[in-house]
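1. pasting a predicted model and its sequence here:
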Amino acid sequence: MTFPTHRPRRLRRTEALRGLVRETQLSTHGLVYPMFACPGANVRTEVSSMPGIYQQSPDQIVEECREVAGLGIPAVILFGLPEHKDETASEAFAAHGAVQRSIEAIRKAKLDLIVITDVCLCEYTSHGHCGVIQNGEVANDATLKILADAALSHARAGADIVAPSDMMDGRVAAIRQKLDENRLENVAILSYAAKYCSGFYGPFREAAQSAPQFGDRRSYQMDPANAREALREVALDIEEGADMIMVKPALPYLDVIQRVRERFDVPVGAYNVSGEFAMVKAAARNGWLDEKRVVLEILTGIQRAGASIILTYHAKDAARWLNRC
Ligand SMILES: [Zn+2]
């Protein structure tokens, strides 16, 4: 029996009916707002390709965090910029680094906010790669100790969750071990398990000043053509001790998010990255798209695919819109 017995339009007649049968309820609960911490005081520089997003010194980070918490967004993720870059990313684990000082300032302000930190070396290395270079290559095992030291410094400063994004093999285990040895067993790991080598990171590299100075990241980030390999990466990271995993970017990889969600039982996050954000902003500025409608549709799509945690530069706008409706 089909038409005229079945008429799907019956349940679309009014907003109340549509609300009753809505399968995906977008809310602020899963949103994470990414922020860029830089050295100094009173610094607030807008990233030109990311309107409304700033590089900020710790004192300014705290002020924006106050606003973020007030909007009902539960978490921020911090990226750091160093005073000086060098071959071995020594500022990545400096106790006085911009990220470490920002975490301490957020803790001191007693904000009701989960603090996640990105753990990677590319913002801190003079060559812009996510690991140290040996014989012209990004050396996997030599990088692990520095990543673990960086994660430890974030955890000591008060981070709730550390999020390694470097894509070295074995980093989750190295970080877990280092945290546990230092009695920081309650600090969780959100692993960027399936991070693709993507053109959508363009604006981020301006924000984090992290473009590689030679070569590219194809020897450690994933090939955009591979989905089965993502499942393997996720399985390995969970085995090594990841509490949550992430797929990055989000929009070109919704199928990967869905497959990961179906296969694994840990919380799944997705990163709605800088290029995805910049495209919407640019089109909205030209009057080509209705920004609110498109942003809420994008976030709903990412959640529908299976991500319960969404890292997005749209978080503050989305929270304002969601709080109103
Ligand atoms: Zn990196």
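-> Yes, it's here. Given the structure is predicted, the values throughout are model-derived calculations rather than measurements.
2. show me what from the protein comes close to the ion.
-> Contacts of the chain with the ion, taken as CB under 5 Å from the ion, map to C120, C122, C130. No exception for glycine: its C-beta is placed from N, CA and C like everyone else's.
3. now the last one. Nearest residue, chain neighbours left out?
-> In other words, C130. Computed as CB to CB, 6 or more residues apart in numbering, the closest residue to C130 that is not its neighbour in sequence is D166, at 4.1 Å.
4. sec struct for the one you found, please.
-> coil (DSSP: H, G, I helix; E, B strand; the rest coil).
5. number of residues surrounding it?
-> Counted with other CB atoms under 10 Å, the neighbours of D166 add up to 25.
6. my read: it touches Y124, true?
-> No - judged on CB atoms under 8 Å, D166 makes no contact with Y124 at a distance of 11.2 Å.
7. and L31, what does it touch?
-> The neighbourhood of L31, defined by CB atoms under 8 Å, 6 or more residues apart in numbering, consists of I73, P74, A75, I310, T312, A315, A318, A319.
8. repeat that with 6 Å
-> By CB atoms under 6 Å, 6 or more residues apart in numbering, L31 lies in contact with I73, I310, A315.
9. got phi/psi on it?
-> Torsion angles at L31 (phi, psi; degrees, to the nearest 10) stand at phi -80, psi 140.
10. cool, and L190?
-> Torsion angles at L190 (phi, psi; degrees, to the nearest 10) stand at phi -110, psi 110.
11. neighbouring contacts of stretch 298-307?
-> T24, L26, A250, L254, I257, Q258, R261, V268, G269, A270, I310, A318.
12. cutoff 7 Å now
-> The contact list for stretch 298-307 (CB atoms under 7 Å, 6 or more residues apart in numbering) reads 24, 26, 250-251, 254, 257-258, 260-261, 268-270, 272, 310, 312, 314, 318.
13. buried subset of those as a ChimeraX selection?
-> Restricted to buried positions by 16 or more other CB atoms under 10 Å, the ChimeraX selection for the contacts of stretch 298-307 reads:
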select :26,250,251,254,257,258,260,261,268,269,270,272,310,312,314,318
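14. can you tell me the SS state at H154?
-> Secondary structure, three-state DSSP: H154 is helix.
15. I meant I245, not that one.
-> Classified using three-state DSSP, I245 is strand.
16. hmm, it is touching Y192, no?
-> No - contact between I245 and Y192 fails when scored by CB atoms under 7 Å: they sit 8.0 Å apart.
17. which strands and helices lie in contact with the host helix or strand of Q258?
-> Applying DSSP states H and E as the criterion places Q258 in helix 254-263. Counting contacts by 3 or more CB pairs under 7 Å, 6 or more residues apart in numbering; DSSP states H and E, helix 254-263 packs against helix 228-240, strand 244-248, strand 268-272, helix 291-305.
18. any buried residues in the first one, and which?
-> In terms of neighbour count (16+ other CB under 10 Å), helix 228-240 has its buried residues at A230, L231, E233, V234, L236, D237, I238, E240.
19. go ahead and confirm the fourth one touches R259.
-> No - assessed by CB under 7 Å, V234 is found out of contact with R259, at 9.2 Å.
20. picking that back up, turn the contacts of L31 into JSON lines, including pLDDT and secondary structure.
-> As requested, those are exported to JSON lines (pLDDT from 0 to 100; DSSP: H, G, I helix; E, B strand; the rest coil):
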{"residue": "I73", "pLDDT": "98", "secondary structure": "coil"}
{"residue": "I310", "pLDDT": "98", "secondary structure": "strand"}
{"residue": "A315", "pLDDT": "98", "secondary structure": "helix"}
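21. ok, these vs the ion, which is closest?
-> Nearest to the ion among these, counting by CB to the ion, is I310 at 20.4 Å.
22. what sits against the closest one?
-> The contact partners of I310, by CB under 7 Å, 6+ apart, come to G30, L31, V32, A270, N272, L299, I302, Q303.
23. the helix or strand hosting the third one: how far from the chain's middle?
-> So the one you mean is V32. Assigned by DSSP H and E, V32 belongs to strand 31-37. Its chain's C-alpha centre and that of strand 31-37 lie 8 Å apart, by CA atoms, centre = their mean, to the nearest Å.
24. after that strand, which helix or strand is next?
-> Counting by DSSP H and E, what follows strand 31-37 is strand 44-46.
25. what pairs with the next helix or strand after that following strand, parallel or antiparallel?
-> Once the chain leaves strand 44-46, the next helix or strand it forms, by DSSP H and E, is strand 54-56. Looking at strand 54-56 with DSSP bridges, its partner strands are strand 31-37 (parallel), strand 44-46 (antiparallel).
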